[in-house]
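[1] Below is the sequence, then the predicted model.
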Amino acid sequence: MLHVRGRGLPDGEPVEWWVAHGLLSAEPIANAETVFGADGDGGWIIPGLVDAHCHVGLGPGGPVSTDEAVVQAETERDAGALLLRDAGSPVDTRSFDDRDDLPRIIRAGRHLARPKRYMPGLPIDIEDESQLPEAVAEQARWGDGWVKLVGDWIDRGIGDLAPLWSDDVLKAAIDAAHAEGARVTAHVFGEDALPGLINAGIDCIEHGTGITDDIIELMLAQGTALVPTLINIENFPGIADKAAKYPTYAKHMRDLYASCHQRVGAAHEAGVPIFAGTDAGGMIAHGRIGDEIKALGKVGLSPTDALGAACWDARAWLGRPALEHGASADLLCFADDPRVVGVDHPDLVILRGRVF
């Protein structure tokens, strides 16, 4: 049995929690060990962080072994990311749910793409787009309430980013997911795929570097969220450098990179819900949620909003509890205000009531 006390966020008010059997209690528990705040001089207590775009089971070369996936999950845990939305992976990590030392994972199943229109070996390739609604329904039943589409990718026939799906098929596919009780998100870099996805009722856009003012208005009208994966967007110039064979695509990627911060900032200013995701597992190492929070601050989110996008706000969006009586004891403790010093080095990580 454990006991922690300090100040909570976002309001900064004093908080005190007891932990028994892996759960939080707002009621005192006798003989609990005070593991944080024993000297009564303050400190800060927040829910475990959320990485809302994280691929456990993927590495720079593609799918990894189960043992390596465990190491990835442990890296996220040690960085304080205790809830992960796995935005597409060919590796089945459901056995991790039986381990009390690893973060909780919300899975979106496999990426769904057209043949040769995404990274090899990662998606389920849909030969005939009319099969997409059925494939979406299957992934909705397999996953944990999310489905992941590839919305655009380079079309080598035209030498630039292009949508993968027709508008009518998207509407039927997203309706199929919603009928299964799942939400849908999509990888989108460019501009052209966005109207069809958002008008079809998609719940979230990943990356979203092609959003414009009219798309922002559409997202607001439809309630579409954005996970911009800003630290991964830093790879765009390098991607362009390797695409000399496709000069139009290369220029497009550089232009998207140059305008990204302004576009995401405009979306935030307008009120589009924005959440923190690193895209860890490919070109991004695991355990970098702190860097994504800092990046969100650079596009205009206040320190409280940037942290909330990876914490209490993200948990509410994903339908997972923050710090409340009876919830799982998943929390972080900091000697100093994490909005000021960052979240990279929590003084205490507690997951399912265990101290790490």
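    Nice, I can see it. Numbering: from 1, shown residues only.

[2] Would you map the helices across the stretch 1-150 of the chain?
    Using DSSP state H, counting those that start in this stretch, the helices found in the stretch 1-150 of the chain span residues 66-78, 132-142.

[3] any chance of these in CSV, with distance to G6 and mean neighbour count too?
    C-betas here are computed from N, CA, C, even on glycine. Output for the helices of the stretch 1-150 of the chain, formatted as CSV (distance: least, Cβ to Cβ, whole Å; neighbours: other Cβ atoms under 10 Å):
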stretch, distance to G6, mean neighbour count
helix 66-78, 20, 18
helix 132-142, 40, 20
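
[4] Tell me which of the ones you listed sits nearest to V355.
    Of all the helices of the stretch 1-150 of the chain, it is helix 66-78 that lies closest to V355, at 11.8 Å by Cβ to Cβ.

[5] quick revisit: could you dump the helices of the stretch 1-150 of the chain into JSON lines and include mean pLDDT and distance to G42?
    Rendered in JSON lines, the data for the helices of the stretch 1-150 of the chain read as follows (pLDDT from 0 to 100; distance: least, Cβ to Cβ, whole Å):
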{"stretch": "helix 66-78", "mean pLDDT": "97", "distance to G42": "24"}
{"stretch": "helix 132-142", "mean pLDDT": "97", "distance to G42": "45"}
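
[6] of the ones you listed, which approaches E324 most closely?
    Ranking the helices of the stretch 1-150 of the chain by proximity to E324 (Cβ to Cβ) places helix 66-78 first, at 21.1 Å.

[7] still on that earlier bit, and of the helices of the stretch 1-150 of the chain, who's closest to D279?
    When those are ranked by distance to D279, counting by Cβ to Cβ, first place goes to helix 66-78 at 13.0 Å.

[8] looking at the helices of the stretch 1-150 of the chain, which is closest to D175?
    It is, among those and with distance given as Cβ to Cβ, helix 132-142, at 7.5 Å.

[9] one step back: columns distance to G308 on top of the helices of the stretch 1-150 of the chain, output as a markdown table?
    Written out in a markdown table, the entries for these read as follows (distance: least, Cβ to Cβ, whole Å):
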| stretch | distance to G308 |
| --- | --- |
| helix 66-78 | 19 |
| helix 132-142 | 28 |
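
[10] between those helices, which gets nearest to D255?
    Relative to D255, the nearest member of the helices of the stretch 1-150 of the chain by Cβ to Cβ is helix 132-142, separated by 29.4 Å.

[11] contacts for that closest one?
    Contacts of helix 132-142 from elsewhere in the structure, counted by Cβ atoms under 8 Å, 6 or more residues apart in numbering, are 107-110, 112, 124, 126, 147-149, 165, 169-170, 172-177, 179-182, 184.

[12] go again using 6 Å as the cut-off
    Outside of helix 132-142, the residues that reach it under the criterion Cβ atoms under 6 Å, 6 or more residues apart in numbering are G109, L112, I126, V147, V169, A172, A173, A176, A177, E180, A182.

[13] centre of the chain versus it, how much separation?
    Computed by Cα atoms, centre = their mean, to the nearest Å, the chain-centroid distance of helix 132-142 equals 21 Å.

[14] Return it as CSV; C-alpha atoms alone will do.
    Coordinates of each C-alpha in helix 132-142 appear next as CSV, following Å, rounded to 0.1, in the frame of the first residue of the first chain:
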residue,chain,number,x,y,z
LEU,A,132,-12.3,-1.7,-47.7
PRO,A,133,-15.5,-1.5,-45.6
GLU,A,134,-15.3,-5.3,-44.9
ALA,A,135,-11.6,-5.0,-44.0
VAL,A,136,-12.3,-2.0,-41.7
ALA,A,137,-15.0,-3.9,-39.9
GLU,A,138,-12.6,-6.8,-39.4
GLN,A,139,-9.9,-4.6,-38.0
ALA,A,140,-12.5,-2.8,-35.8
ARG,A,141,-13.4,-6.2,-34.2
TRP,A,142,-9.7,-7.1,-33.8
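
[15] List the contacts of the residue positioned nearest the centre of the chain.
    The centre of the chain sits closest to A52, judged by Cα atoms, centre = their mean, with a distance of 1.3 Å. Applying Cβ under 6 Å, 6+ apart to A52 gives the contacts R85, V227, F275, G277, A314.

[16] where does the stretch 51-200 of the chain have low pLDDT?
    Within the stretch 51-200 of the chain, the set of residues satisfying pLDDT under 70 is empty.

[17] all strands of the stretch 101-250 of the chain, in order?
    Counting by DSSP state E, counting those that start in this stretch, residue ranges of the strands within the stretch 101-250 of the chain are 104-107, 112-113, 124-125, 146-150, 152-155, 160-163, 183-188, 204-207, 225-227.

[18] Turn these into CSV, columns for distance to L318.
    What follows is the strands of the stretch 101-250 of the chain, written out as CSV (distance: least, Cβ to Cβ, whole Å):
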stretch, distance to L318
strand 104-107, 6
strand 112-113, 21
strand 124-125, 24
strand 146-150, 9
strand 152-155, 25
strand 160-163, 27
strand 183-188, 9
strand 204-207, 10
strand 225-227, 10
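
[19] Which among those strands is found nearest to G326?
    strand 104-107 (16.1 Å).
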